[in-house]
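1. Coordinates only, no sequence provided:
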């Protein structure tokens, strides 16, 4: 999935959507993609930012694979498929995964995502997209948490090296991880310990104000505030809500709602818009201006 670096081809607008927390509900995903087709028509890439499936079983991946192939006219050529915590959920009632379970669940995801590791990167029109991911979860040998992201020291070192690759001051860098950084977006201010390497990631991001860090997991509806956070160091955090059951902070479900993020990257600014595909309306938007 490597795309050649091309810093010169920036005359056109880069357009992409970030959708998350599908939980194998392909009906909701289809509603979103149909609405996108009617609203934006053409865009460059689609990021599915974790919890694409609900239990990580083979039947779910087969169904999702078939859906994506059958709906190729609704999607761009490049689809990024990031891992969440539900990709590791073999069965809610069976307790923590064994090491063998973890390996099998991980292999299923990697085959589906067409990756060798849960983390990777690519360049599109000269913009850097960096995908991070949990290497294990819900495992007594590593972490009994059912939803925490566990990143290895190797992945953190890779992130530190990748973030500086062809770095240009003022040029946006897009980073994706299913779980949010603590004390950033509203959800993560009360639901803590989302990532085992939280501080290490923050330390790296704090050196690059160009970073826009997309997280999911919260299901927090865009109809409330708290999906956007700007760190004092300059980097930005965006919560992507969810395709399935967006909720108000008080945990009330937003009925008939299917939500996701749209982004346009222009030469001197980026436009971020939050959409409800189920209700076919834009909820809010804001722009980021930068020097190149």
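-> Noted; the coordinates are in hand. Not measured: the values here are computed from a predicted model.
2. Look up the closest residue to the residue nearest to the spatial centre of the chain, ignoring the ones flanking it.
-> Centroid-nearest residue in the chain: residue 49, 2.8 Å away (criterion: C-alpha atoms, centre = their mean). Using C-beta to C-beta, 6 or more residues apart in numbering and skipping residues adjacent in sequence, the residue nearest residue 49 is residue 20, 4.1 Å away. Any C-beta I mention is one placed from the backbone N, CA and C, and that applies to glycine too.
3. just residue 261 next, same as before
-> The nearest residue in space to residue 261 (C-beta to C-beta, 6+ apart) is residue 18, at 4.4 Å.
4. same check, this time on residue 116
-> residue 110 (6.9 Å).
5. show me the contacts for that neighbour.
-> 116-118 (C-beta atoms under 8 Å, 6 or more residues apart in numbering).
6. Show the contacting residues for the nearest residue to residue 26 once chain neighbours are set aside.
-> Nearest residue to residue 26, sequence neighbours excluded (C-beta to C-beta, 6+ apart): residue 67, at 4.6 Å. Residue 67 is in contact with 26, 29-30, counting by C-beta under 8 Å, 6+ apart.
7. In strands only, show me the contacts of residue 110.
-> Using DSSP state E, no member of the contacts of residue 110 sits in strands.
8. Report the buried members of those residues.
-> residue 118 (16 or more other C-beta atoms under 10 Å).
9. which ones among the contacts of residue 110 are found in helices?
-> Among those, the subset assigned to helices under DSSP state H is empty.
10. can you redo the contacts of residue 110 as a markdown table with distance to residue 94?
-> Shown next, in a markdown table, are the contacts of residue 110 (distance: C-beta to C-beta, whole Å):
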| residue | distance to residue 94 |
| --- | --- |
| 116 | 28 |
| 117 | 26 |
| 118 | 22 |
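11. which of the contacts of residue 110 lies closest to residue 225?
-> residue 118 (31.3 Å; C-beta to C-beta).
12. quick one: secondary structure of the nearest residue to that closest one once chain neighbours are set aside?
-> Among residues not flanking residue 118 along the chain, residue 133 sits closest, at 3.2 Å (C-beta to C-beta, 6+ apart). Put simply, residue 133 is coil when judged by DSSP: H, G, I helix; E, B strand; the rest coil.
13. what's the burial count for residue 133?
-> By other C-beta atoms under 10 Å, the residues close to residue 133 number 26.
14. could you measure it against residue 25, distance?
-> Noted for residue 133: a distance of 21 Å to residue 25, by C-beta to C-beta, to the nearest Å.
15. Then residue 183?
-> Using C-beta to C-beta, one gets 30 Å for the distance from residue 183 to residue 25.
16. just the helices in the stretch 101-250 of the chain please.
-> 153-162, 187-190, 198-205 (DSSP state H, counting those that start in this stretch).
17. just these: most buried one?
-> Among the helices of the stretch 101-250 of the chain, helix 198-205 has the highest mean neighbour count (mean count of other C-beta atoms under 10 Å), at a mean of 18.
18. ok, residues contacting that one?
-> 132, 151, 156, 159-160, 163, 175, 177, 181-182, 195, 211, 213, 231, 233, 235.
19. how about the strands in the stretch 151-292 of the chain?
-> Secondary structure of the stretch 151-292 of the chain by DSSP state E, counting those that start in this stretch: the strands cover 173-176, 211-215, 228-230, 236-239, 259-265, 269-276, 281-289.
20. Which other helices and strands does the longest one contact?
-> The one in question is strand 281-289. strand 269-276 (3 or more C-beta pairs under 8 Å, 6 or more residues apart in numbering; DSSP states H and E).
21. Sheet-wise, list the partners of the strand it packs on with their directions.
-> strand 259-265 (antiparallel), strand 281-289 (antiparallel) (DSSP bridges).
22. burial measure for residue 144, as a count.
-> There are 12 residues near residue 144, going by other C-beta under 10 Å.
23. ditto for residue 223
-> 17.
24. now residue 47
-> Residue 47 has 25 neighbours, counted by other C-beta under 10 Å.
25. helix or strand for it, which one?
-> Secondary structure from DSSP states H and E places residue 47 in strand 45-49.
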